[in-house]
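Chemist: sequence unknown, structure follows:
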């Protein structure tokens, strides 16, 4: 995967470098998950779309 072209790293240094390189490749971005398509379909089925009238502001939050 990688090679040392200059210097003489120890086994511990190579192990540390390997751990860092492997951790960079497998990291997935963390963040707030987006609602699934199913969520929006369900809202439509339940007719939860914002509509004028009492409580409309509560239904508009998504």
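Modeler: Structure's in. What do you need? In this text, all values refer to a predicted model and were calculated from it rather than measured experimentally.
Chemist: CA atoms for contacts and neighbours, from now on please.
Modeler: Fine.
Chemist: Where do the helices of this structure begin and end?
Modeler: Applying DSSP state H to the chain gives helices spanning 11-26, 37-45, 56-59.
Chemist: Which other helices and strands does the longest one contact?
Modeler: Think helix 11-26. Using 3 or more Cα pairs under 8 Å, 6 or more residues apart in numbering; DSSP states H and E, no helix or strand is in contact with helix 11-26.
Chemist: 802 is where my numbering starts, stick with that
Modeler: Okay, residue one is now 802; in that scheme the one you just asked about reads as helix 812-827.
Chemist: Report the rounded mean pLDDT for that helix.
Modeler: What helix 812-827 shows for mean pLDDT is 85.
Chemist: May I see the buried residues of that helix?
Modeler: Across helix 812-827, burial judged by 16 or more other Cα atoms under 10 Å covers no residue at all.
Chemist: re the thing from before, let me have the helices of the chain in CSV, adding distance to residue 804 as columns.
Modeler: Output for these, formatted as CSV (distance: least, Cα to Cα, whole Å):
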stretch, distance to residue 804
helix 812-827, 10
helix 838-846, 45
helix 857-860, 58
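Chemist: Out of those helices, the one nearest residue 806 is which?
Modeler: helix 812-827 (12.7 Å; Cα to Cα).
Chemist: Run the chain-centre distance for the closest one.
Modeler: From the chain centre to the centre of helix 812-827 is a distance of 23 Å (Cα atoms, centre = their mean, to the nearest Å).
Chemist: ditto for stretch 840-858
Modeler: 27 Å.
Chemist: Residue 841: neighbouring residues, count only.
Modeler: Here the count is done by other Cα atoms under 10 Å, and residue 841 has 14 residues near it.
Chemist: Quick check, pLDDT for it.
Modeler: pLDDT, residue 841: 73.
Chemist: so how far is residue 855 from residue 845?
Modeler: Per Cα to Cα, to the nearest Å, residue 845 is found 19 Å from residue 855.
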